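**Q** Got a sequence here, can you build the structure:
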Amino acid sequence: MSKKGRVLVAMSGGIDSSVTALLLHEQGYEVIGITMKTWDYATSGGTKRTTGCCSLDDINDARALAVDLGFPHYILDIREEFGEYIIDNFVEEYLAGRTPNPCVLCNTHIKWDALIKRANQLDCEFIATGHYAQIREEHGRYIISKGRDENKDQSYVLWGLKQENLKRTIFPCGGFTKPEIRQIALQHGYESIAKKSESYEICFVPDNDYRGFLKRKVEGLEERVAGGKFVDKHGNILGIHKGYPFYTVGQRKGLGVALGRPVFVTRIEPETNTVVLGDEEDLFSQQMMVRNINLIKYAELKEPTEAITKIRYKDKGHFSTLVQQGNNMQVTFYEPVSAIAPGQSAVFYEGNDLIGGGFIMRSE
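**A** Have a look, this model is predicted:
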């Protein structure tokens, strides 16, 4: 075995995971590659080909790189676990009037668990992925911090990882920018990998039509939820909508109502199939409750803590005060924040370090 140790690398066939394997191989680790088969888009009734980690082309690209560099490569079929947990949760969250965050759940409950389990079977000390984030040990805790490339930073989707898994995780891309990663691939003669485009869609909804996905997954859903009411904050009826699962907090376009001014979805009430509309100022809240928190930098927050809180992946972040209440977190923003969507992840930062995160329960 290499002096550096044996590492199991999650290889999607994309540029980031490919360069991850390449870098670790060069650094002297004994690399084993694994590609996780999570989803066949054709099974959902869509028309677009599978993309990202689910496509046959990308699986073949991952295997070809492993053969070229001379390390083993395996395919792990986790479609059953993925479907039961990620897909079912995605549907359930929309039916509960919330906006889900499948990438966070996938990382926390599917990919990392699957990687650690297989790493143990293959006697791998470490696992590695192509995420743009960084890890360090400090005072006995393993801390995630933002990747060097602020535009590509993926620490937001990693808040759910546990300390015992972080201890064994390596993020080789975290210290590089995206252009640098592409250059590394080019320098090593992997032009086709370097030129790969990126997908920003949910892997199992590659046409980006989550409404169509819900209709295909839940038989009779469209008929069941049609005819609900749009109301204002006072309960006055403004119109009829197509069904509460097909709307999200903050949505302005595609509402199908003409009120002579822009209006936004401010609240969703699944019990009565009601969608509340309001003006832009009605979207703002100064406090929210976050559930199912997982802390990374600290074991617990014993007193009010200042933090930058992000309420969605591309959010710039907002100054806030955190007060831990058991498994929940009360977040008070210095200034009101717009479109806080229940179900989305709230992620807390101290500088570039990830304090932790959780799922938004409600705004107040």
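**Q** When you work out contacts or count neighbours from here on, use the C-alpha atoms and nothing else.
**A** Will do.
**Q** buried stuff in stretch 333-350?
**A** Neighbour-count burial for stretch 333-350, with 16 or more other CA atoms under 10 Å as criterion, is recorded at 333, 337-349.
**Q** Just name the closest of those to residue 254, please.
**A** Nearest to residue 254, judged by CA to CA, of the buried residues of stretch 333-350 is residue 339 at 16.8 Å.
**Q** if we can go back for a sec, closest to residue 234 among the buried residues of stretch 333-350?
**A** Relative to residue 234, and with distances defined as CA to CA, the nearest of these is residue 339, at 19.0 Å.
**Q** quick one: the closest one and residue 18, what's the gap?
**A** Distance, residue 339 to residue 18, using CA to CA, to the nearest Å: 37 Å.
**Q** try residue 94
**A** Distance, residue 94 to residue 18, using CA to CA: 34 Å.
**Q** These two - which one has more neighbours?
**A** residue 18 (26 against 21; other CA atoms under 10 Å).
**Q** now the strands for the stretch 251-364 of the chain?
**A** Assigned by DSSP state E, counting those that start in this stretch, the stretch 251-364 of the chain shows strands spanning 264-269, 274-278, 284-295, 305-310, 318-325, 328-338, 345-350, 353-363.
**Q** which ones are touching residue 24?
**A** With contact set as CA atoms under 8 Å, 6 or more residues apart in numbering, residue 24 has these partners: 31, 172.
**Q** Would you mind listing the buried residues in the helix or strand encompassing it?
**A** Taking DSSP states H and E as the criterion, residue 24 maps to helix 15-26. For helix 15-26, a neighbour-count test (16+ other CA under 10 Å) marks 15, 16, 17, 18, 19, 20, 21, 22, 23, 24, 25 as buried.
**Q** Same check on stretch 104-118?
**A** For stretch 104-118, by 16+ other CA under 10 Å, it's 104-112, 114-116, 118.
**Q** now the end-to-end length of stretch 195-214.
**A** Start-to-end span of stretch 195-214 (CA to CA) is 33 Å.
**Q** Report the rounded mean pLDDT for that stretch.
**A** If you average the pLDDT over stretch 195-214, you get 82.
**Q** For it, buried residues please.
**A** For stretch 195-214, a neighbour-count test (16+ other CA under 10 Å) marks 202, 203, 204, 205, 206, 207, 210, 212, 213, 214 as buried.
**Q** Tabulate those residues in JSON lines, adding columns for distance to residue 249 and secondary structure.
**A** Below are the buried residues of stretch 195-214 laid out as JSON lines (distance: CA to CA, whole Å; DSSP: H, G, I helix; E, B strand; the rest coil):
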{"residue": "202", "distance to residue 249": "19", "secondary structure": "coil"}
{"residue": "203", "distance to residue 249": "22", "secondary structure": "coil"}
{"residue": "204", "distance to residue 249": "22", "secondary structure": "coil"}
{"residue": "205", "distance to residue 249": "20", "secondary structure": "coil"}
{"residue": "206", "distance to residue 249": "22", "secondary structure": "coil"}
{"residue": "207", "distance to residue 249": "21", "secondary structure": "coil"}
{"residue": "210", "distance to residue 249": "15", "secondary structure": "helix"}
{"residue": "212", "distance to residue 249": "18", "secondary structure": "helix"}
{"residue": "213", "distance to residue 249": "19", "secondary structure": "helix"}
{"residue": "214", "distance to residue 249": "17", "secondary structure": "helix"}
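**Q** any idea which of those is the one closest to residue 312?
**A** Proximity of the buried residues of stretch 195-214 to residue 312 was ranked by CA to CA; the top entry is residue 202 with 14.6 Å.
**Q** Distance of residue 291 relative to residue 337?
**A** 18 Å.
**Q** One more: residue 151?
**A** Distance from residue 151 to residue 337, counting by CA to CA: 22 Å.
**Q** Nearest to residue 123 among the strands of the stretch 251-364 of the chain would be which one?
**A** Going by CA to CA, the one of the strands of the stretch 251-364 of the chain nearest residue 123 is strand 284-295, 27.9 Å.
**Q** now the closest one: mean pLDDT?
**A** Average pLDDT, strand 284-295: 97.
**Q** What is it packed up against?
**A** strand 328-338, strand 353-363 (3 or more CA pairs under 8 Å, 6 or more residues apart in numbering; DSSP states H and E).
**Q** list the buried ones in stretch 82-97?
**A** 82, 85-87, 89-97.
**Q** Centroid-nearest residue for the chain?
**A** The residue lying closest to the centre of the chain (CA atoms, centre = their mean) is residue 103, at 2.9 Å.
**Q** what's the pLDDT at the nearest residue to it once chain neighbours are set aside?
**A** For residue 103, ignoring the flanking residues on the chain, the nearest one in space by CA to CA, 6 or more residues apart in numbering is residue 157 at 6.5 Å. pLDDT, residue 157: 95.
**Q** On the three-state scheme, residue 157 is what?
**A** Under DSSP: H, G, I helix; E, B strand; the rest coil, the three-state class of residue 157 is helix.
**Q** could you pull out the helices for the chain?
**A** Per DSSP state H, the chain carries helices over the ranges 15-26, 56-69, 79-82, 88-95, 102-105, 112-121, 163-166, 178-187, 191-194, 210-217, 221-225.
**Q** average pLDDT for the second one?
**A** It stands for helix 56-69. pLDDT averaged over helix 56-69 gives 90.
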